[in-house]
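Participant: Sequence and predicted structure, then a few things I'm wondering about:
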Amino acid sequence: LHAAFGRPGAGLGGFRTSARQAARIREILGTRLGSGAAAAPLWVHYDQAAPVALMAGDLPAVRDFVTCTLGALAAAGAREAVLRDTLRIFLDRHRGHAATARAMSLHRNSVQYRVHRATALLPRGERDLADDFNVRAALLAVHWLGDAVLATGS
């Protein structure tokens, strides 16, 4: 069972906006499930994936963005998936190794190792995290859209 929710709004205009947002999230869930991602029940609110919902209308462009931004980290392998997930959570936790370790139920040293390995795969390495907006957006796109936006032939 999957559910998509838009932001609540007032009146008919708010209802239409909420319905459009939910439809975008449904598209993302369809892309994610169609790309072989786990089919666990998902309850997704628009705010969780709004930037991806706005990008998802042009998957080839998103794939190019992800590939250019993440470099070798955009490969479809299991190792890269773990590193991408760790880096995404690390950046979401304001680059806190301890907070990331708690969120992932890992030892702090494991998080440090994974973050180091993940940044080594970025095109410019650690320098790509100086202004991490694009890296965060690419990681979020991969998180929600799955294999559909990963590099092909890697």
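Facilitator: Here it is on my side, so go on. Numbering: from 1, shown residues only.

Participant: Poorly predicted segments of this protein, please.
Facilitator: Applying pLDDT under 70 to the chain flags the ranges 1, 33-41, 153-154.

Participant: Can you show me the strands along it?
Facilitator: 2-5, 42-45 (DSSP state E).

Participant: show me where this structure has helices.
Facilitator: 11-34, 46-55, 59-70, 78-92, 97-104, 108-121, 133-145 (DSSP state H).

Participant: Please work out which of the ones you listed is packed deepest.
Facilitator: helix 133-145 (a mean of 21; mean count of other Cβ atoms under 10 Å). (Each C-beta comes from the backbone N, C-alpha and C, glycine too.)

Participant: Report all helices and strands that it contacts.
Facilitator: On a contact count with 3 or more Cβ pairs under 8 Å, 6 or more residues apart in numbering; DSSP states H and E, helix 133-145 meets helix 11-34, helix 46-55, helix 59-70, helix 78-92.
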